[in-house]
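[1] predicted structure and sequence below. I'll ask about it afterward.
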Amino acid sequence: MPYENVILEKEGSLAVLIVNRPKALNALNKETLADIKAALEDIEQDAAIKVAIITGAGDKSFVAGADIAYMQNFSVQEARAFAAFGQEVFRFIELMEKPVIAAINGFALGGGCELAMACDIRLAAENAVFGQPEVGLGVTPGFGGTQRMPRLIGEGRAKELTYTAASIKADEAFRIGLVNHVYPAAELMAEARKMAQKIGRQATTAVGYSKYSINKGMQVDTDTGMSIESSMFGMCFSVEDQKEGMNAFVNKRKPNFK
Ligand code: CAA
């Protein structure tokens, strides 16, 4: 299906979703969010796809935030509905079974930083810039930033970044745990593909169940989280992947996961 504001490329078991509004540094309006959602649903439903990468079109910006021009005359109700829609789209990334890697190739500000934080793994180019500049525009973060950032980098750092509207570069984002790795811009996509391939070689069900266990577990107390984990561990034994993985180990061969 062709999209107006995103490009969805499929390469074997990998899907690459490119947010494609370069004239606005890939800023998110409602149509772009709707395209991202539709593309994510396509990825989740496509049995051939194991891993997705999200990146931005061009070499300057991942996503420069929600579209400020689009939002500026919103009523209270429109603003609330827009935030709820952005939250729904980004939450889908966490709820889908397939892992999603953010390949952050430039500005990841406001809604862009929030999109990156909703992904499972964040890889950044050296020129990436992160921040939640919303308070400088007279608003709060609205696509999950007040919730995901403190969980990811701790409350103190999240409050500092949010209250000061400061932008930080990739090396600082790495230092505080906002991104997993930093690469020269020219190597970012190759590194993201390499990681996607490494994940794709594992048992798909076990990766998906691990994602579920981690994401659900992060929102509940430890005992409830442990119970989620033991349920998912048990579920693995109803799936062929477990038989193949353990049989391969016992017989000293490489597993051949379907
Ligand atoms: N919304 C709408 N348009 C945007 C945009 C945004 N978030 N970010 C950039 N653009 C547009 C610019 O208006 C400009 O358009 P024109 O060429 O038509 O003037 C074009 O993209 C290029 O941008 P700049 O000329 O500003 O490029 P630059 O290199 O000088 O600066 C930048 C880059 C620092 C990212 C700057 O564009 C910027 O500060 N953008 C806004 C970042 C921001 O505040 N994001 C948060 C938005 S609020 C939000 O996201 C709320 C939420 O949580 C839901």
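    Received the coordinates, thanks.
[2] would you mind listing what in the chain touches the ligand?
    By CB under 6 Å from any ligand atom, the residues of the chain that approach the ligand are 24-25, 27, 64-69, 86, 107, 109-111, 114, 133-134, 137, 141-143, 145. No exception for glycine: its C-beta is placed from N, CA and C like everyone else's.
[3] give the buried subset of these as a ChimeraX selection command.
    Of the residues of the chain next to the ligand, the buried ones can be selected in ChimeraX as follows, counting by 16 or more other CB atoms under 10 Å:
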select :24,25,27,64,65,66,67,86,107,109,110,111,114,133,134,141,142,143,145
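[4] which stretches of the stretch 101-250 of the chain form helices?
    For the stretch 101-250 of the chain, helices defined by DSSP state H, counting those that start in this stretch occupy the ranges 111-118, 145-153, 155-164, 170-175, 188-200, 204-217, 222-236, 240-250.
[5] any idea how far Leu95 is from the residue of the stretch 101-250 of the chain found nearest the ligand?
    Proximity of the stretch 101-250 of the chain to the ligand (CB to the nearest ligand atom) peaks at Gly110, 2.5 Å away. Distance of Gly110 to Leu95, computed by CB to CB, to the nearest Å: 22 Å.
[6] swap in Gly177?
    23 Å.
[7] off-centre distance for the helix ranked longest in the chain?
    Counting residues, the longest helix in the chain under DSSP state H turns out to be helix 76-95. With CA atoms, centre = their mean, to the nearest Å as the basis, the distance from the averaged C-alpha position of helix 76-95 to the chain average is 15 Å.
[8] check which helices and strands it sits against.
    helix 30-45, helix 111-118 (3 or more CB pairs under 8 Å, 6 or more residues apart in numbering; DSSP states H and E).
[9] buried residues of stretch 94-109, list them for me.
    For stretch 94-109, by 16+ other CB under 10 Å, it's 94, 96, 98-109.
[10] how's this structure carved up into domains?
    6-200, 204-250 (automatic domain parsing).
[11] related to what we said a few turns ago, okay if I get the helices of the stretch 101-250 of the chain as a markdown table plus mean pLDDT and distance to Ile7?
    A markdown table is the format used below for these (pLDDT from 0 to 100; distance: least, CB to CB, whole Å):
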| stretch | mean pLDDT | distance to Ile7 |
| --- | --- | --- |
| helix 111-118 | 98 | 16 |
| helix 145-153 | 98 | 25 |
| helix 155-164 | 98 | 30 |
| helix 170-175 | 98 | 24 |
| helix 188-200 | 98 | 13 |
| helix 204-217 | 97 | 24 |
| helix 222-236 | 98 | 34 |
| helix 240-250 | 97 | 31 |
